[in-house]
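In: I would like to see how this sequence folds:
(3 chains)
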Amino acid sequence: MRPSRLLPALAAGLALWGQAPAPPAPAVRPDLKTDEGGLWALADREEQRLRQSPLLVRDEALRAYVQKLAERLVGPGVPPVRTYVLEIPAFNANMAPNGMMQVWTGLLLRCENEAQLVAILGHEIAHCTLKHGLEGLRDAKSRTAWATVMLAVPVAGPLVSLGTLAGGFAYSRTQERSADALGLELMAKAGYPPGEAAKIWANLAEEMQAEKEAGGEPAKRSRLFATHPPEAERQKALEEGAARLGAGGQDAGAERYRALVAPFRMAWMEAELKHRRFGETLALLARCLRADPRDGLARYFEGEVYRIRNQEGDAAKALAAFEAAAGIPGAPPEAHRALGRLHRKAGRKPEMRAAYARYLELRPGAEDADMIKSYLEEP
Amino acid sequence: MVKLRAFRVLMAALLPAFLGAQSHRAEGFDRLPEGAVVAIMPLDVELYAVTAGGVREPKAEWTEAARKNILADLEARSEAGKVTFKAFTGEAGPEIAELGHLRAAVSNAIWIHHFGTMKLPGKEGRLDWTLGEPAAAISRAMPADFALYVTLRDSTATGGRVATMVLMAAFGVAAPGGGQAGEATLVDLKTGRVVWYNRMFKATGDVREPVAAHAALDNLLVDFPGKGK
Amino acid sequence: MRKTSLAVALLLAVACQKPAVWMGVPGGQVVNLPEGLTVAGDPLWNRLEEHKEGVRDVWWTANGNALDLVVFFTGIRPGEVLTGAKPKEGVKAPVFKEDMQPEEIVDLFDQFISPWATSFHRGKLSPAPFLGGDGFRFEWSAVRKGDEVALQGVGYGAVRKGRLYLVTFHAPRLHYFPTLLPRVEALAKSARLAG
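Out: Numbering: from 1, shown residues only, chains lettered A, B, ... in the order given. The predicted model follows:
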């Protein structure tokens, strides 16, 4: 569907919601001579490199899970999807014209349930179904103002190209809206409650607001999200779209999703902390704790944010968070280590020894065990 | 105790000795040994069309043709009984991929610290870099004595534009108004040593045709060991 | 952002375009570094010449900064970032604090290189002699953002009179790290503080 035809429809009050777009032609490998062929070939080579990338999360269970979700959404006209989970702490996913789909861990960390992940996957698959990448190339060729977009594509550092090549171009707002519409349908058809799609944007808006209030600069979203309509507008449109679609499935798959990402959350949160966008991270953690007040990992990282931020009053907040975390079964043993450190600095020797001993008991093979033992041996 | 300053003065005196023409070959490496097999590693080649507005469009058909031309031309440089150039046929697993990343970093270091302005006095002007023992992964994947890595970017202006910017982006260095940029690295698989290296920029060039590809490779393989001058 | 030296810009850069002069390091002699730090010279290394007021990080390489890099962080004072510079007003840069424990100093280093490296994983952290007294040794691995080269790193550190001294080394984990590690260990072992 060309944006030119889509635009009047949108102007007429989002009449497209709930309507299936005309079925696109089935996916066949385009001729090498064509511009589409050029994009595919480039994406193919990028994919070869991606397969060997050190950033690829080599966990078969996780990959297979995301792959299965994506496969359920892909309809006719889209090449077979191949998903790659990359260890990059940013909110991003994208799908190249040849079917290569990337999902970054910063996004997985932020999804609350399977339905939200499916909403993102559906959205990216929709871009691919509607051939938005190709439209971008053609648009760029006809408008020289876009020159820089193209120049930014393939040969910069691999990480840059990983982010930019897959989609190829920043999508226009019109494209985003139509991808949202189709994505929502794909998600509902697969049996998920479409209302979850809007929540992603509500959550992102909340994090950005929190960051602004904390005096920081909200994350520059990846380029693919940069031209997306503002979160609030998007959220509203998705809510309306979901209402129009009526009740989809009722199971958002929160339990399933949490169980699956549990083994990775520690590493993903640590990577998240390095952004030093404390407002944003605190909002994310607060959301986790609202969903599950016994989320020991979220409580521990709350303490970490306060410890690293170290503003006035943060020391007490950090102590309280670490103490709370240490009392939650299944919380990271690092909560005890954090307490040990605070006690050591305050000269509370018995408390320090108890906390560090507990840490070593829970993590006997810890990489820093020798260091901790040296603290325990201090007079 | 020696003050570094004094040492610097000494080095400054010696420096001009390093500023002469830099060798493309490792010390003492003049010829490929008789019967050597050179594995041509998967070619890193991309061709683009650049429109008048500066939009760079990847041209799959051109890239395909260029790859075939370059590979065929390299293989044709084999000489019976003396040297054989053969496309790498082994499995390109993670080991080979990581070695490829290291090779790129090493090639870059040679460009910067050997040919460039940031010379390393400790190298005393020698082309003295290596991939080390891990290079043997290639000869484990396919019988070969050397590996040749070739990178080529070629932009053809479709609207009268010279694609200098594109090439600058490709290699991160100023291309003197060129439309073609290439790099080639020859590695001894027994030791991992880089025995020959070159990087070139050219204002014009087009490797879509075999004749032009041959000329581009002649240009790139300057001072290649065992090929005469 | 924060005041940085040229060297910082090169820390994990794949290629440095700005001109920089690398000088030889004499062998068999004691080499003076800023803040009274001395190490045994080794002609394997080249030292980046860069003199800037208040910047106290010194950079050595054998084969080029993208292939191996030793950085001495000398006498970092409380409130300074690792280069010895003070962050600008209102900038939340990670700074050294006198009461930091070794693992917090590793955090500081991790933060410091995070613009250039991703997938930072902490390895072994243990007490180790440094500067002729108590110190610590840490190991890490990461992936360089610019070219996806898998890196390995090691560092020695100690706090003396409220000031932080660190010697760090990183290189591609293939060939360069294991090959140069013994020379780096010798370098770290030779480090002393005058006065």
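
In: so residue A:372 sits in a helix?
Out: Yes. Assessed by DSSP: H, G, I helix; E, B strand; the rest coil, residue A:372 belongs to a helix.

In: from what I can see it touches residue A:355, true?
Out: No. The pair residue A:372 / residue A:355 is not scored as a contact, 10.0 Å apart, by Cβ atoms under 8 Å. The way it works is simple: take the backbone N, C-alpha and C, and place the C-beta from them, glycine included.

In: Buried residues of the biggest helix by length in chain C, list them for me.
Out: For chain C, the longest helix by residue count, based on DSSP state H, is helix C:176-190. Residues of helix C:176-190 classed as buried: C:176-177, C:179-180, C:183-184, C:187-189 (neighbour count, 16 or more other Cβ atoms under 10 Å in any protein chain shown).

In: residues in contact with the following helix or strand past that helix?
Out: Following helix C:176-190 in sequence order, the next helix or strand is strand C:192-193 (DSSP states H and E). Residues outside strand C:192-193 that contact it (Cβ atoms under 8 Å, 6 or more residues apart in numbering or on different chains): C:36-39, C:131-132, C:160, C:165.

In: what mean pLDDT would you report for the lengthiest strand in chain B?
Out: If you go by DSSP state E, chain B has its longest strand at strand B:146-157. Model confidence over strand B:146-157, given as mean pLDDT, is 87.

In: Same question for stretch C:119-130.
Out: Stretch C:119-130 comes out at a mean pLDDT of 96.

In: near chain A at all, that stretch?
Out: Yes. Against chain A, stretch C:119-130 shows contacts by Cβ under 8 Å from any Cβ of the partner chain at C:119-120, C:122-127.

In: Next up, the contacts around residue C:37.
Out: C:72, C:74-75, C:165, C:191-194.

In: Would you show me how to pick out the buried ones of those residues in ChimeraX?
Out: Listed next is the ChimeraX selection for buried residues among those, using 16+ other Cβ under 10 Å:
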select /C:72,74,75,165,191,193
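
In: Contacts only, for residue B:202.
Out: B:178-181, B:216, B:219.

In: Excluding chain neighbours, what is closest to the residue of chain C found nearest chain B?
Out: Closest approach of chain C to chain B (Cβ to the nearest Cβ) occurs at residue C:175, with a separation of 2.8 Å. Leaving aside its chain neighbours, residue C:175 sits nearest to residue B:132 (2.8 Å; criterion: Cβ to Cβ, 6 or more residues apart in numbering or on different chains).

In: Counting neighbours, what do you get for that neighbour?
Out: When neighbours are counted by other Cβ atoms under 10 Å in any protein chain shown, residue B:132 registers 19.

In: now it: how far from residue B:144?
Out: Distance from residue B:132 to residue B:144, counting by Cβ to Cβ, to the nearest Å: 17 Å.

In: buried stuff in stretch A:302-319?
Out: For stretch A:302-319, a neighbour-count test (16+ other Cβ under 10 Å) marks A:302-309, A:314, A:317-319 as buried.

In: Just those: which are in helices?
Out: A:302-309, A:314, A:317-319.

In: nearest to residue A:210, of the residues you listed?
Out: residue A:305 (11.5 Å; Cβ to Cβ).

In: interface residues of chain C facing chain A?
Out: So chain C meets chain A at C:14, C:92, C:94, C:99, C:101-104, C:107, C:110-111, C:114, C:118-120, C:122-127, C:136, C:143, C:145-148, C:150 (Cβ under 8 Å from any Cβ).

In: Tell me who's in contact with the residue of chain C found nearest chain A.
Out: Closest approach between chain C and chain A, counting by Cβ to the nearest Cβ: residue C:126, at 3.6 Å. Applying Cβ under 8 Å, 6+ apart, we find residue C:126 in contact with A:368, A:370-371, A:374, C:136-137.

In: Next: residue A:121.
Out: So residue A:121 contacts A:66, A:69-70, A:73, A:93, A:101, A:103 (Cβ under 8 Å, 6+ apart).

In: Can you tell me which of the residues you listed is nearest chain C?
Out: Nearest to chain C among the contacts of residue A:121, counting by Cβ to the nearest Cβ, is residue A:103 at 16.1 Å.

In: wait, is that closest one part of a helix?
Out: No. According to three-state DSSP, residue A:103 belongs to no helix; its state is strand.

In: Specify the beta-bridge partners of it.
Out: residue A:85, residue A:93 (DSSP bridges).

In: Tell me the predicted confidence for it.
Out: So residue A:103 comes in at 93 (pLDDT).

In: and what of the one 10 residues further on?
Out: Confidence per residue is given as pLDDT, and for residue A:113 that number is 95.

In: Likewise for residue A:316?
Out: pLDDT at residue A:316 comes out at 95.

In: In strands, which of the contacts of residue B:202 appear?
Out: Short answer: these in strands (DSSP E) are B:180-181.

In: returning to what we had before: now which of the residues of chain C next to chain A would you call buried?
Out: C:14, C:94, C:101-104, C:107, C:110-111, C:114, C:118-120, C:122, C:125-127, C:136, C:143, C:145-148, C:150.

In: Which of those fall in strands?
Out: Among these, DSSP E puts C:118-120, C:122, C:125-127, C:136, C:143, C:150 in strands.

In: Against chain A, how distant is the residue most central in space within chain B?
Out: When Cα atoms, centre = their mean is applied to chain B, the residue found nearest the centroid is residue B:184 (1.7 Å). As for residue B:184, its distance to chain A is 17 Å (criterion: Cβ to the nearest Cβ, to the nearest Å).

In: SS state for that residue?
Out: strand.

In: What about residue C:146? Give its phi and psi, please.
Out: phi -60, psi -40 (degrees, to the nearest 10).

In: How about residue B:36?
Out: The phi and psi values for residue B:36, taken as degrees, to the nearest 10, are phi -60, psi 140.

In: ok, back up a step: save the residues of stretch C:119-130 next to chain A as JSON lines, and put in distance to residue A:192 too.
Out: Listed next are the residues of stretch C:119-130 next to chain A as JSON lines, based on distance: Cβ to Cβ, whole Å:
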{"residue": "C:119", "distance to residue A:192": "31"}
{"residue": "C:120", "distance to residue A:192": "35"}
{"residue": "C:122", "distance to residue A:192": "38"}
{"residue": "C:123", "distance to residue A:192": "41"}
{"residue": "C:124", "distance to residue A:192": "45"}
{"residue": "C:125", "distance to residue A:192": "44"}
{"residue": "C:126", "distance to residue A:192": "49"}
{"residue": "C:127", "distance to residue A:192": "53"}
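
In: just curious, which of these is nearest to residue C:170?
Out: Using Cβ to Cβ, the residues of stretch C:119-130 next to chain A come closest to residue C:170 at residue C:120, 10.9 Å.

In: Contacts only, for the nearest residue to the closest one once chain neighbours are set aside.
Out: Nearest residue to residue C:120, sequence neighbours excluded (Cβ to Cβ, 6+ apart): residue C:142, at 4.5 Å. Shown in contact with residue C:142 (Cβ under 8 Å, 6+ apart): C:113, C:117-121, C:150-151, C:153, C:170.
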